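Model the following, please.
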Amino acid sequence: MSLFATTPVDKMTGPYARRRSALIVLCLSLLIVVMANTSLIVAAPDMTTDLGLSSSDLQWVIDGYTVPYAALMLVLGAIGDKYSRRGALLTGLVIFAAGSVMGSLVHETGLVIAARAVMGVGAAVVMPATLSLLVAIFPKRERARAITAWTATSGLAIAVGPLVAGWLLEDHAWGSTFLINVPIALVAVVGALVLVPPSKADAMGRIDYVGGLLSIVSVGTLVYAIIEGPHFGWGAGPVTAAVVAAVGLPAFVAWELRHPHPMLDVRKFAQRSFSGSMTAVLFFFFGTYGAIYYATQFVQFVLGYSALETGVRLLPLAGAVSLGAVVTGRLTPKLGMKPMVVTGMAIGTAGVFLLTLVDKSSGYGDFLPMMMLLGFAIGLSVSPATDTIMGAFPENELGVGGGANDTALELGGSLGIAVLGSLLGTTYKDKLTDLVGGHLPAAALDTAKDSVGGGLAVAQQIAKTPSAGPQQAQALVDAVHEAFAHGVAQTSLVGWIIMAAGTLIVLAVLPGRRATDEPESKATETSREQEHAESV
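The predicted structure follows:
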């Protein structure tokens, strides 16, 4: 018996015997892709101090990963479908590991951003490959449970990333948070060779590279505009990007409608189960990523917890994700997809609403219910939505399906962090100006208004000044805490309204169980039968 998995999935006479072991490899690959973003949340203060990062620099250290990640997933998923899904996974892991090594070694802002971009390219290959391989390996009756495990892994990584990074930062520099990805990636490479069987699409035909290029340009410029405009003003760059995206997206749709073998069959959005599930993923991660992004800052900067202590305090989120995954695994087959997705979104919306009650006296206990609700909601709703999205694609488009699902996820997360983060920054600046505007020199006030970390740094400098002293420094600390808490509450109110609107939209769009089970499943079966006949 060969050490490596060599029999292609389509040559197997029955279900792959080691599919559960293969699932572990796929989930491990997914884990580091998501951890690469969440671990940076707690590493950001050390990076800012060591590299002297401005607010803009730090934003692009974070989002240098996001732009290629979101823009490339659809195209790279299609390439994996055509040539090799396992090959795509292996290639993506190697690129991701190379970017991680680069990030751990460089000490110049531009090079760190470049390393993050390389990691983003690797992640864009890995993410759709994990999902397409999962669907290809598991028989349909086991697929929903496997997708639940995949979804739970992404939720787990939201909490595990800060915990691992915090543990490393206790004794090591911020570069160690990059380097931790390398051994995990190498284990995943070996595991993929040994446990994950080869898989690719049969009779796929030529790849629609024009459609692929239009999708890259459209999504890439849209994400860039979303990141740059709200944070740093609508100058020439973000406005141009927004215009390109506004032209590119309709051009992509028009091209795909006319192409005989489109990169993404946009007619699928006419299916209510597909469009409703994509909308659910987009809105859900808008609220979840945005809320976790600024809640983590509050725990670190206002409550004063270290990186490791912050990571530990995010663990209940992971536990709640696991609980939600267990519940959805048992109830979705009985109740159907729509009740689970809508209920999960409603619970997540309630979690965001709790943050509107935050003030400067709030402690960790005030954030714990929010984390529990958001974690439970992730476990409850994302898996059924992802299963529905993947079920809309035939076997020879699984990579494209994974890319579509993951693009909605990443686009929603980017929107949440950019829009809510920008609103938080603006509200914080305005409130801090009201509180201390007449009591600080202009330069010090500008630094304090840049971020909560900047405000606390100015307070530390004031404490060392003989003419001011600890009393004035403490007054500024109190003002910074009050302004940031006010920003969190006001931002969460907007996030709650958007999440509530998204929940109502999904409730209206998603069909009931009977409609989901009959017309659309028949259409999918007919499509697959036609493709099988053409390939024969």
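
okay, Leu303: pLDDT?
pLDDT, Leu303: 91.

Sorry, wrong one. I was asking about Ala201.
Reported pLDDT for Ala201: 86.

The one 5 residues further on too?
What the model reports for Arg206 is a pLDDT of 85.

Now do the SS call for it.
Classification of Arg206 by DSSP: H, G, I helix; E, B strand; the rest coil places it in coil.

before we move on, what about Tyr16?
Of the three states, Tyr16 takes coil under three-state DSSP.

any idea how far it lies from Leu134?
The spacing between Tyr16 and Leu134, counted by Cβ to Cβ, to the nearest Å, is 11 Å. In short, each C-beta sits where N, CA and C put it, glycine included.

quick one, which of the two is more surrounded?
Leu134 (26 against 20; other Cβ atoms under 10 Å).

OK, contacts around the more buried one?
Going by Cβ atoms under 8 Å, 6 or more residues apart in numbering, Leu134 touches 23, 26, 143, 146-147, 150.

go again using 10 Å as the cut-off
By Cβ atoms under 10 Å, 6 or more residues apart in numbering, the contact set of Leu134 is 19, 22-23, 26-27, 30, 85, 143, 146-147, 149-150, 196, 386, 390, 398, 402.

ok, now Leu264?
Leu264 neighbours (Cβ under 10 Å, 6+ apart): 74-75, 77-78, 208, 211-212, 215, 252-253, 256, 393, 397, 400-401, 403-404, 407.

right, and Ala473 touches Ala463 too?
Yes: Ala473 is within contact range of Ala463, at 3.7 Å (criterion: Cβ atoms under 10 Å).

Spit out the contact partners of the residue lying closest to Ala444 once chain neighbours are set aside.
Leaving aside its chain neighbours, Ala444 sits nearest to Val458 (5.1 Å; criterion: Cβ to Cβ, 6 or more residues apart in numbering). Counting by Cβ under 10 Å, 6+ apart, Val458 makes contact with 436, 440-441, 443-450, 473, 476-477, 480.

Just the ones in helices from the residues you listed, please.
Among those, DSSP state H puts 436, 443-450, 473, 476-477, 480 in helices.

what about the stretch 1-150 of the chain, any weak spots by pLDDT?
Counting by pLDDT under 70, the ranges of the stretch 1-150 of the chain that qualify are 1-2, 55.

where exactly do the helices run in it?
19-51, 55-63, 66-83, 85-105, 109-137, 140-169 (DSSP state H, counting those that start in this stretch).

need these in JSON lines with distance to Arg313, can you?
Shown next, in JSON lines, are the helices of the stretch 1-150 of the chain (distance: least, Cβ to Cβ, whole Å):
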{"stretch": "helix 19-51", "distance to Arg313": "11"}
{"stretch": "helix 55-63", "distance to Arg313": "21"}
{"stretch": "helix 66-83", "distance to Arg313": "25"}
{"stretch": "helix 85-105", "distance to Arg313": "26"}
{"stretch": "helix 109-137", "distance to Arg313": "26"}
{"stretch": "helix 140-169", "distance to Arg313": "9"}
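
where does Leu411 sit relative to Met278, distance-wise?
Look at Leu411 and Met278: by Cβ to Cβ, they are 10 Å apart.

Ala473 and Ala463: which has the busier surroundings?
The neighbour count for Ala473 versus Ala463, taken as other Cβ under 10 Å, is higher for Ala473 (19 against 16).

returning to what we had before: so which of the contacts of Val458 is the most crowded?
So for the contacts of Val458 (other Cβ under 10 Å), the most neighbours sit at Val480, 29 neighbours.

List the residues that contact it.
301-302, 360, 428, 431-432, 435-436, 448-449, 451-459.

Go again with 8 Å.
432, 448, 452, 455-456, 459.

Just the pLDDT at it, thanks.
Here, the pLDDT recorded for Val480 equals 92.

What sits closest to it if chain neighbours are left out?
Excluding its sequence neighbours, the residue lying closest to Val480 (Cβ to Cβ, 6+ apart) is Gly455, at 3.7 Å.

how about the one you found, what does it touch?
By Cβ under 8 Å, 6+ apart, the contact set of Gly455 is 432, 447-449, 476-477, 479-480, 483-484.

Kindly provide the whole-number mean pLDDT of whichever strand or helix holds it.
Assigned by DSSP states H and E, Gly455 falls within helix 452-463. Mean per-residue pLDDT for helix 452-463: 85.

Now do it: distance to the chain's middle.
Mean C-alpha position of helix 452-463 versus that of the full chain (Cα atoms, centre = their mean, to the nearest Å) differs by 31 Å.

Sticking with the residue nearest the centre of the chain, tell me its helix or strand.
Nearest to the geometric centre of the chain sits Glu410, at 4.5 Å (Cα atoms, centre = their mean). Assessed by DSSP H and E, Glu410 sits inside helix 398-415.

Show me what that helix is packed up against.
Contacts defined by 3 or more Cβ pairs under 8 Å, 6 or more residues apart in numbering; DSSP states H and E place helix 398-415 against helix 66-83, helix 85-105, helix 109-137, helix 209-232, helix 272-297, helix 364-391.

Now do the helix holding Gly455 and helix 19-51, the angle between them.
Counting by axes from the mean of the first three to the mean of the last three Cα atoms, to 10 degrees, helix 452-463 lies at 30 degrees to helix 19-51.
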